[in-house]
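Asks: Need a 3D model of the following:
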Amino acid sequence: MSVATATARGTPPPGGGRAGPPRRRNVALLLYLIISLLISMTISQEETPELGSLSYWLLVGAAGLLPFANAASVLRALLGHARPLLLFGLLGGAWHLAAGDMRAVLQLGLMVWVLAWLCCERVHVSTEDLVRLYVVLLAIGVAMWLTTDLNRWGILPATTAEEYGIWRVSFFPNIANTAILSLAMVLLLTRNAALARAHPVVLCIALYFVIFSFVRTALIALALYAAMRWWLGRRRRSAAGMCAAALLLAVGVNAALATSAYAIEYLQQFPLISRLFLRGESGLSVDEIFQQLYRPWLWWQHWNLFSTSPSLMGWGAFDFVDMQLEELNVGTTPAGNEALLTRLLATYGLPSLFFLYFLGARLHRAAKSRDLWACACFPPIILLMMQWGNIYHPTDANGSLFLLMLLHGSAAFAPARRRARRRAAAAPPRRAATDAGGSANMDGNSMAAGAATAAAPTQ
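Replies: Okay, the predicted model is just below:
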C-alpha cells in the first residue's frame, strides 16, 4: 500500500511525527489566519493597531467570534484536556473581577477562549493552505514594496535604508512578522522529507527571509530546532527522554541568555556575535550588554513585580512603564509584553502556573505519541514565548501557528480530506520497499524493523 493511500485511509505515515488522517478544512481557522496576517501587512515597524480602529476591531472580532464555529468542541476541550486553561481563567479572572479590573478579566477571557479553540481536535489547517497563503503574502509584500513607502525594509540585500541595516530584508512592514512567519514555514516544511521535496522553492524562500532578516531570536530558534531534530533522529529515544531533552533545552537556552552578558563582553569583538546579540555594536560594558539584550532585564522586572504583588496574584492590567522598578537606558521605551510567561506571572500571579503546567502536559503527550517533530518544535516555541511573547496575543496568527504545533503536533497540519482522496485515487499501487537507511522522514527512524515505504507522504 502506498503512503498516499495509507494517509488517505488514516494510517500514520512512517517515522516519529504522525500527520493523522485527512480532515475537513476548518474554514473559521483559515479565515482567522488570513484576517490577522493581512492586517499585519498594513502595520508599519513602529505602529500597533490603535485601540478602537477598524484594524483593532477586525482582529478582536475575528479572535472573539470565529471560535463560535466550534463552540461545542471548545466547551468539551475546556472540560477535558484543556482543563488547566479553565482553572487559569476562573481563578485569575475571579481575583481581578473582585478587584474591579475588568480589562485584565477581558484580556484573560479572550486568551483562554482562543487557546481552548486551538485545542479542539477539529481545529487544524493543511500545509498546502499555509503554503498558498505564504506565497500570496509574499506577492502582496513585493507589490507594496514596489509601489508604496509603507515597508522601509528591502526585499533584496543592500536595498534597505542604512539606518535599518542595509543587509536586512522583509516583505512585511514589520520585520519581526517576516522572520517569525518564515520560521514557522521552515518548521512546517521540514516536518518530513516529502514535504521539503514537494515545496523546495517555498522552503528556500522562507529560509532566506529567516536568515537575512537578522532577527536573532528567529535564528536561535532555528538552530535549536535543527539541534533537536538531529539529536532525536540519531536513535530511538524513550518518551521520558524526549520530554526531558526538550524541557532541558528550552529552559537551558533561556537561562544561558539570561547570564550571557559576561561571555558576550569578551565575544563582542567577533562580527557574528555582535550582529546576533548586540545589533552590530561593540565595545559595550556588561551593564550596557545586559540592557541591550533587554529580555533578561525584562524577565527580572516581571519577576520583581510578581513577587511584590498582593497575595502573589499579580497586578492585573498595568502600564509597564509606570510599574517598572528600574529605568532602561538604551534610548527606547519598553513595552513590557515581549516575554509572555513572565508577563503572565506579573499580571495574573499564581494562577498562571496552570498555563505552564498545560504546556508541559502537551509536550508529554507529544512524546508519548512519538511525535518527534512536535518535541523538536518545543524549545523554539518556548524561546519565542520568552523573547517575542507578544506574537502569542489571541489576535496574532503567527503565535497561533506555533501554538498549533505545540497543542497538536503534526496532526494539526493534516491534508484536507478532498485533496487527500484525489491524491490517493491518482497514486498507482506500490509495494513497500525495504530500506536499511530508514524512512523518508527527516528524523531518520524506520517504520518497523528498519523497513520503510518507497513513497513519502505529500501533504
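Asks: what about the nearest residue to residue 189 once chain neighbours are set aside, how many residues close to it?
Replies: Excluding its sequence neighbours, the residue lying closest to residue 189 (Cβ to Cβ, 6 or more residues apart in numbering) is residue 203, at 4.5 Å. C-beta: built from backbone N, CA, C; applies to glycine. Residue 203 is flanked by 19 other residues according to other Cβ atoms under 10 Å.
Asks: where does the stretch 1-150 of the chain dip in pLDDT?
Replies: Where the stretch 1-150 of the chain drops to pLDDT under 70, the residues are 1-23.
Asks: just the helices in it please.
Replies: Here the stretch 1-150 of the chain has its helices, by DSSP state H, counting those that start in this stretch, at 3-8, 27-40, 54-65, 71-79, 83-98, 102-119, 127-147.
Asks: Using the three-state scheme, assign the nearest residue in space to residue 257 that is not next to it in sequence.
Replies: Nearest residue to residue 257, sequence neighbours excluded (Cβ to Cβ, 6+ apart): residue 296, at 6.4 Å. Three-state secondary structure (criterion: DSSP: H, G, I helix; E, B strand; the rest coil) places residue 296 in helix.
Asks: Contacts only, for residue 296.
Replies: Counting by Cβ atoms under 8 Å, 6 or more residues apart in numbering, residue 296 touches 257, 258, 259, 260, 261, 290.
Asks: Go ahead and confirm residue 229 touches residue 376.
Replies: Yes. Using Cβ atoms under 8 Å, residue 229 is in contact with residue 376, at 4.8 Å.
Asks: Looking at these two, which is more packed in?
Replies: It is residue 376, of residue 229 and residue 376, that has more neighbours when counted by other Cβ under 10 Å, with 32 against 21.
Asks: Just give the closest residue to the more buried one, not the sequence neighbours.
Replies: Among residues not flanking residue 376 along the chain, residue 228 sits closest, at 3.8 Å (Cβ to Cβ, 6+ apart).
Asks: How far does whichever strand or helix holds the one you found sit from its chain's centre?
Replies: Using DSSP states H and E, residue 228 falls within helix 216-234. Mean-position distance between helix 216-234 and its chain equals 14 Å (Cα atoms, centre = their mean, to the nearest Å).
Asks: rewinding a little: where's the residue nearest to residue 257 relative to residue 93, distance?
Replies: Per Cβ to Cβ, to the nearest Å, residue 296 is found 30 Å from residue 93.
Asks: and the closest residue to residue 283 other than its chain neighbours, what pLDDT?
Replies: Leaving aside its sequence neighbours, residue 283 sits nearest to residue 268 (Cβ to Cβ, 6+ apart; 7.4 Å). Listed pLDDT for residue 268 reads 77.
Asks: Spit out the contact partners of residue 268.
Replies: Residue 268 is in contact with 274, 277, 278, 281, 282, 283, 284, 289, counting by Cβ under 8 Å, 6+ apart.
Asks: Drop anything exposed from those residues.
Replies: By neighbour count, with 16 or more other Cβ atoms under 10 Å, the contacts of residue 268 hold 274, 277, 278, 284, 289 as buried.
Asks: Sort those residues by pLDDT and name the bottom one.
Replies: residue 277 (70).
Asks: any idea how far residue 216 is from that one?
Replies: For residue 277 relative to residue 216 (Cβ to Cβ), the value is 6 Å.
Asks: picking that back up, which residues lie in contact with the residue nearest to residue 376 in this structure?
Replies: Residue 228 touches 245, 246, 249, 375, 376, 378, 379, counting by Cβ under 8 Å, 6+ apart.
Asks: Can you tell me which of those residues is nearest residue 115?
Replies: Minimum distance to residue 115 across the contacts of residue 228 is 16.5 Å, recorded for residue 378 (Cβ to Cβ).
Asks: Mean neighbour count and distance to residue 360 for the helices of the stretch 1-150 of the chain - can I get that in JSON lines?
Replies: Putting the helices of the stretch 1-150 of the chain into JSON lines (neighbours: other Cβ atoms under 10 Å; distance: least, Cβ to Cβ, whole Å) gives the following:
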{"stretch": "helix 3-8", "mean neighbour count": "22", "distance to residue 360": "30"}
{"stretch": "helix 27-40", "mean neighbour count": "19", "distance to residue 360": "25"}
{"stretch": "helix 54-65", "mean neighbour count": "16", "distance to residue 360": "25"}
{"stretch": "helix 71-79", "mean neighbour count": "17", "distance to residue 360": "17"}
{"stretch": "helix 83-98", "mean neighbour count": "19", "distance to residue 360": "10"}
{"stretch": "helix 102-119", "mean neighbour count": "20", "distance to residue 360": "15"}
{"stretch": "helix 127-147", "mean neighbour count": "17", "distance to residue 360": "27"}
